[in-house]
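A.B. asks: here you go, sequence then predicted model.
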Amino acid sequence: MSRVMRSQQPQRLLTTPAAIENHLLAKVQKATAGLIGLEQEMFVTTAAGDPPGFDAIERVLMHMGQALNATPLSEKGRVIGLVIDGLGDVCLEPGGQVELSSAPYADLDSLMERQERLMQALESAAADQGLRVKGAGHLPAFKGAAMMPRSRFAAYAAYCRAAHGDDKAEALLDTMKSCTGLQVNVDPMGPDFHKIYRALMLVELAGVFRDRTVRQQRFAETYAPLFPLQVTPLFNAVAARSNRQVVRLIIERLLTLNVPFVPDVASPEGFLPSADVFGYTPTMGELMMAGRLTVELLDNALSLQMTMPNLRRHGVVETRAPDTPATMAEVRSVAARYHRAAYDPAVRQALLGEFKDVGSVALEAAFNQRFNLPQAAFEVLPVGGGLTVGDFIRRVDSLTAEPVKANKIKKHRPAF
C-alpha cells in the first residue's frame, strides 16, 4: 500500500548524485530478511461487470474490516484502506480496484495461505453487497469509473492534465482505472543485490515477452509516449557487476522522475500536490539542484517509479507480472519464479550463466517490437548469444518453475 513513509532523518538534504547513491546503497547493503510479499489487484464489479462506485467499495472495505478485525485507514472521513494485524493491507486503486497485500513471509506456503484469506474475505464482503470479484488485466467498463477519493490520485490527475493536456491525461488516467496487476516484492539486499536484480529482470522480461497482454499494451500506448524512461526496463543492468553500478542506473532514471505529490506530514495517509508546495511540479533532479531534495521526499518518490524491477523505499525490490493471474495457483506460480530468482543461489547462477551473452541492445530492440509482430515472428527475434526471444522465454521458464512435489500437491480454488 502506498502510504506516506516516515524516514529516519527525514529533513536531511541530498544535494548530489553521490549523496543519493550512498543513501540507496545503504538500503541494498543491509542484511536480507529473505522475505516475499504480494500486491494483488482485483476488480470489484456489479453483476453486469460495471464499476460499482466508491460508496459500494467503501461498504465492502468496512465489511472486510469487521470480518478481519482490521484497523481502517481513512482520508477526509472516508475509508480507503485496511491494516490487518498479522495478515496484511487492503487499499483502493484509482478506479476502485481493490489491492490485497499480504504481509511478507519467508516461505511461499505461508504467503499464499494469507493471500487466500484476504481473497476469501474480499469475495465474502463483495457478495454481501451483491457484487463480484473479477481478475482481469483490463476491463474496458472501468475506463469511465470515477477516480477514487485519495489525495495522491487527485494530485496525480491534476498534474497529468496540467502537463499533458486533457486528452492525453484522460487516456492515461483511464488506463490507471481500467487495469489491474500482480506485484511481487522481495528484499534481496547485501553484496549479491546486483546479481539478484539482474536475475529478477530476466524473469520479468520473459513474462513480458511470453504474455503480450491487453494490459501491457494499454500501458505502452498511454504511458510510454509520455514517460518513456519510466516504463522502459534498465536494460544496461544486464552488464552490471556491482551494487554501485545498478544503483547508478536507477539514479539516472530517478533524477528524471517528476514528483506530482509529496507527503503531507499532517496526515498518515495524505499527500499534497507538488505544485502547491513548490509552485510547479519538479523532477527529482530539479529538487536536488535547488537544494530541496530531502530524504523523506526521495524515499516517498521511490514508489512512483514504474521501471521494473524497482528499488522501493523500504529497501525492497518490486517486480510485476504481465497481467493478473486467473487463479491463486497461477499467483503462486508467478511468486515462485521471483522467489527462486531472488533466493535460490543455484537458480540465480544458472539464470545469469545461461544468459551471460544476452545483450542489452538486442533485448531492448525485442521489447520495442513486442506489439508489432505476430507471436511466431516475434519469438525468432535475436537477443544475443545465439538465442532468440522464444529460447529466452522457454529457458527462463524452465529454470525458475517451482518443482512439483508429488506428495504435497495443494489444490487452490479459483480466486473468482
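C.D. replies: On my side now, so go ahead.
A.B. asks: with adjacent residues omitted, what lies nearest to residue 72?
C.D. replies: Nearest residue to residue 72, sequence neighbours excluded (C-beta to C-beta, 6 or more residues apart in numbering): residue 79, at 4.7 Å. Every residue, glycine included, has its C-beta placed from N, CA and C.
A.B. asks: beta partners for the one you found?
C.D. replies: When assigned by DSSP bridges, residue 79 has beta-bridge partners residue 74.
A.B. asks: list the contacts for it?
C.D. replies: With contact taken as C-beta atoms under 8 Å, 6 or more residues apart in numbering, residue 79 is in contact with 58, 61-62, 65, 72-73.
A.B. asks: a markdown table for those residues, including distance to residue 395 and neighbour count?
C.D. replies: Converted to a markdown table, the contacts of residue 79 look like this (distance: C-beta to C-beta, whole Å; neighbours: other C-beta atoms under 10 Å):
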| residue | distance to residue 395 | neighbour count |
| --- | --- | --- |
| 58 | 46 | 19 |
| 61 | 43 | 24 |
| 62 | 48 | 15 |
| 65 | 45 | 21 |
| 72 | 46 | 17 |
| 73 | 43 | 22 |
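A.B. asks: which of the residues you listed fall within strands?
C.D. replies: 72-73 (DSSP state E).
A.B. asks: what sits up against the helix or strand containing residue 100?
C.D. replies: Taking DSSP states H and E as the criterion, residue 100 maps to strand 98-105. Strand 98-105 is contacted by residues 1, 33, 35-44, 57, 60-61, 86-93, 111, 114-115, 118-119, 122, 133, 185, 187, 316 when judged by C-beta under 8 Å, 6+ apart.
A.B. asks: now do 7 Å
C.D. replies: Under the criterion C-beta atoms under 7 Å, 6 or more residues apart in numbering, residues 1, 35-42, 44, 86-93, 111, 114-115, 118-119, 122, 185 lie in contact with strand 98-105.
A.B. asks: for the stretch 251-400 of the chain, which spans come out with low pLDDT?
C.D. replies: Applying pLDDT under 70 to the stretch 251-400 of the chain flags residues 267-269.
A.B. asks: quick one, strands of it?
C.D. replies: Per DSSP state E, counting those that start in this stretch, the stretch 251-400 of the chain carries strands over the ranges 261-263, 271-273, 310-311, 317-320, 382-384, 387-388.
A.B. asks: within its sheet, name the partner strands of the first one and how each one runs.
C.D. replies: Going back to what we said before, that points to strand 261-263. When pairing is defined by DSSP bridges, strand 261-263 lines up against strand 271-273 (antiparallel).
A.B. asks: one more: the longest one?
C.D. replies: Using DSSP bridges, the strands paired with strand 317-320 in its sheet are strand 182-186 (antiparallel), strand 310-311 (antiparallel).
A.B. asks: dump it to PDB, restricted to CA.
C.D. replies: The C-alpha coordinates for strand 317-320 follow below in PDB (Å, rounded to 0.1, in the frame of the first residue of the first chain):
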ATOM      1  CA  VAL A 317      12.600  -4.700  -4.900                       C
ATOM      2  CA  GLU A 318       9.200  -4.800  -6.600                       C
ATOM      3  CA  THR A 319       8.600  -6.900  -9.700                       C
ATOM      4  CA  ARG A 320       5.400  -7.100 -11.800                       C
END
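A.B. asks: give me the buried positions along it.
C.D. replies: Residues of strand 317-320 classed as buried: 317-320 (neighbour count, 16 or more other C-beta atoms under 10 Å).
A.B. asks: thinking residue 91 is in contact with residue 81, fair?
C.D. replies: Yes - counting by C-beta atoms under 7 Å, residue 91 touches residue 81, with 3.8 Å between them.
A.B. asks: contacts only, for residue 249.
C.D. replies: Applying C-beta under 7 Å, 6+ apart to residue 249 gives the contacts 234, 236-237, 240.
A.B. asks: now these: which count as buried?
C.D. replies: For the contacts of residue 249, buried by 16+ other C-beta under 10 Å: 234, 237, 240.
A.B. asks: got the end-to-end distance for stretch 32-40?
C.D. replies: Start to finish, the residues bounding stretch 32-40 are 23 Å apart (C-alpha to C-alpha, to the nearest Å).
A.B. asks: quick check: mean pLDDT across that stretch?
C.D. replies: Across stretch 32-40, pLDDT averages out at 92.
A.B. asks: gap between that stretch and the chain center?
C.D. replies: Stretch 32-40 sits 12 Å away from the centroid of its parent chain (C-alpha atoms, centre = their mean, to the nearest Å).
A.B. asks: stretch 332-340 now?
C.D. replies: So, by C-alpha atoms, centre = their mean, the centroid of stretch 332-340 is 15 Å from its chain's centroid.
A.B. asks: ditto for stretch 174-194
C.D. replies: Stretch 174-194 sits 4 Å away from the centroid of its parent chain (C-alpha atoms, centre = their mean).
A.B. asks: any chance you could give me it in PDB, C-alpha atoms only?
C.D. replies: Extracted C-alpha coordinates of stretch 174-194, given in PDB (Å, rounded to 0.1, in the frame of the first residue of the first chain):
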ATOM      1  CA  ASP A 174      -8.400   5.700 -18.000                       C
ATOM      2  CA  THR A 175      -5.600   3.100 -18.100                       C
ATOM      3  CA  MET A 176      -4.900   3.500 -14.400                       C
ATOM      4  CA  LYS A 177      -8.600   3.000 -13.700                       C
ATOM      5  CA  SER A 178      -9.200   0.000 -16.100                       C
ATOM      6  CA  CYS A 179      -6.100  -2.100 -15.400                       C
ATOM      7  CA  THR A 180      -5.000  -4.500 -12.600                       C
ATOM      8  CA  GLY A 181      -1.800  -6.400 -12.000                       C
ATOM      9  CA  LEU A 182       0.100  -8.600  -9.600                       C
ATOM     10  CA  GLN A 183       3.300  -7.300  -8.000                       C
ATOM     11  CA  VAL A 184       5.800  -9.500  -6.200                       C
ATOM     12  CA  ASN A 185       8.100  -7.900  -3.600                       C
ATOM     13  CA  VAL A 186      11.400  -9.300  -2.400                       C
ATOM     14  CA  ASP A 187      14.100  -7.900  -0.200                       C
ATOM     15  CA  PRO A 188      17.300  -9.100  -1.800                       C
ATOM     16  CA  MET A 189      19.800  -6.900   0.000                       C
ATOM     17  CA  GLY A 190      23.500  -7.400   0.600                       C
ATOM     18  CA  PRO A 191      26.500  -7.900  -1.700                       C
ATOM     19  CA  ASP A 192      24.600 -10.000  -4.200                       C
ATOM     20  CA  PHE A 193      22.000  -7.400  -4.800                       C
ATOM     21  CA  HIS A 194      23.300  -6.700  -8.300                       C
END
